[in-house]
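Student: Got a predicted structure plus its sequence, pasted below:
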Amino acid sequence: MNNLKCTKGDFFGGLTAGIVALPLAMGFGLHSGLGAAAGLYGAIFLGFFAALFGGTPSQVSGPTGPMTVVTAATVGIFLAKTGGDISSSAFVGAIVACFVLAGLLQIAMGILKIGTLVKYIPYPVVSGFMSGIGVIIILLQLFVAIGLTSPGSTVDVVKKIGPVLKDINVWAFFYAALTIAIIYLFPKITKAVPSTLVALIAVTILSVVMDKNVPLIGDIPQGFPEIKIGEIFSIDSGLYIIILETAVTLAALGSIDSLLTSVIADNKTKTRHKSNQELIGQGIGNAIGGMFMGLPGAGATMRTMVNIRSGARHKTSGALHSVVLLAILLGAGQYAS
């Protein structure tokens, strides 16, 4: 029960992580092809249940880059197989089944104590894989950083980035460059406040005040999400193998990603996480989030570090991060009504 305590550090850690997670979750949702709402729903459900049932007290979970890359590829495959309509029952059912199954597989991995085996994966393999994912994410952000819509594949990004530089949105590039500069330079002034939070708030306010024409993530989804589990009965049997293969990939990737973040959290807090319990918590969060078509995720390194640096040490901080996101979601719906 000690990990359910809520200290001042836990409160500010959860609050700060929630604010940082909002644009990240919506951005990951957009890049997955499912829309900003999917990213926000994933962050809320996974963040809350993984915190309560997981084995890393200070960890914050939500959509991550590697999981989003795999999901985006899956979305493209399912759209091609189901007629290209993202709102069709066949597509929604396939996506929901894939996400829920991935969560159930993670729970099974935790029960079977597979989490303890992750430590035997060679570090160069994990490092190479994560570095590759990082390169993919950077490439997919190049167009966005100059105010243009990004192509769907990294190959197209490389092919097209040269010709479109003449169409660069100068203000979008300025805001992106300023954000990066603040993130890396602000810690030289003080580390009392997370530089990512400072960059997010400062540059957002600046963009509103200056009111220049730059692309926006879009409106915050309104109200509590609708459960989609009934759509699984509309799945085409020809998609079963693809669903299984993708679910296994998401479960394995999410587990590795989460446990790597758990190790980082241990190093910072001088604690020791429970690997198998963490997988169970991640699985519960992804399975429940998947029922609402929430983007699957894992332990998020940056949000976890923001949480820890704010003084968080207990599970309540990760749960509070989700409560903050849920409050914003419900507040947006109330404001709209």
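Tutor: Sure, I can see it.

Student: would you list every one of the helices in the stretch 101-250 of the chain?
Tutor: 123-145, 154-164, 170-185, 195-210, 240-269 (DSSP state H, counting those that start in this stretch).

Student: which secondary structure elements does the fourth one contact?
Tutor: Based on contacts counted as 3 or more Cβ pairs under 8 Å, 6 or more residues apart in numbering; DSSP states H and E, the elements that helix 195-210 packs against are helix 8-32, helix 170-185, helix 301-309. Backbone N, C-alpha and C define where each C-beta goes, glycine included.

Student: For residue 109, give its distance to residue 67.
Tutor: 16 Å (Cβ to Cβ, to the nearest Å).

Student: nope, residue 32 is what I was after
Tutor: In terms of Cβ to Cβ, residue 32 sits 9 Å off from residue 67.

Student: By mean pLDDT, point me to the weakest helix or strand of this structure.
Tutor: helix 123-145 (a mean of 76; mean pLDDT, DSSP states H and E).

Student: Now do it: everything it contacts.
Tutor: 31, 65-66, 69, 149-151, 154, 157-158, 161, 164, 172-173, 176, 215, 256, 260 (Cβ atoms under 8 Å, 6 or more residues apart in numbering).

Student: Can I get the buried part of those as one PyMOL selection?
Tutor: Restricted to buried positions by 16 or more other Cβ atoms under 10 Å, the PyMOL selection for the contacts of helix 123-145 reads:
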select buried, resi 31+65+66+69+150+151+154+157+161+172+176+256+260
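
Student: Look at residue 109 and residue 67 and report which has more neighbours.
Tutor: residue 67 (27 against 23; other Cβ atoms under 10 Å).

Student: How many residues are close by residue 54?
Tutor: Neighbours of residue 54 (other Cβ under 10 Å): 29.

Student: Torsion angles phi and psi at it?
Tutor: Main-chain dihedrals, residue 54, degrees, to the nearest 10: phi -80, psi -180.

Student: Correct me if wrong: it contacts residue 276.
Tutor: No. Using Cβ atoms under 8 Å, residue 54 makes no contact with residue 276, being 10.3 Å away.

Student: quick one: contacts for the residue lying farthest from the centre of the chain?
Tutor: Most distant residue from the mean C-alpha position of the chain: residue 166, 32.1 Å away (Cα atoms, centre = their mean). Counting by Cβ under 8 Å, 6+ apart, residue 166 makes contact with nothing.

Student: Quick check: residue 64 vs residue 298, distance?
Tutor: The gap separating residue 64 from residue 298 is 5 Å, by Cβ to Cβ.

Student: what's the answer for residue 10, then?
Tutor: Distance from residue 10 to residue 298, by Cβ to Cβ: 21 Å.

Student: hmm, back to that, hey, which of the helices of the stretch 101-250 of the chain is tucked in deepest?
Tutor: helix 240-269 (a mean of 20; mean count of other Cβ atoms under 10 Å).

Student: Now do it and helix 123-145, the angle between them.
Tutor: Angle, helix 240-269 to helix 123-145, by axes from the mean of the first three to the mean of the last three Cα atoms, to 10 degrees: 100 degrees.

Student: looking only at pLDDT, what's the mean for helix 240-269?
Tutor: Average pLDDT, helix 240-269: 91.

Student: The next helix or strand after it to helix 240-269, inter-axis angle?
Tutor: Note on helix 240-269: by DSSP states H and E, the next helix or strand toward the C-terminus is helix 275-291. Counting by the same axes, to 10 degrees, helix 275-291 lies at 130 degrees to helix 240-269.
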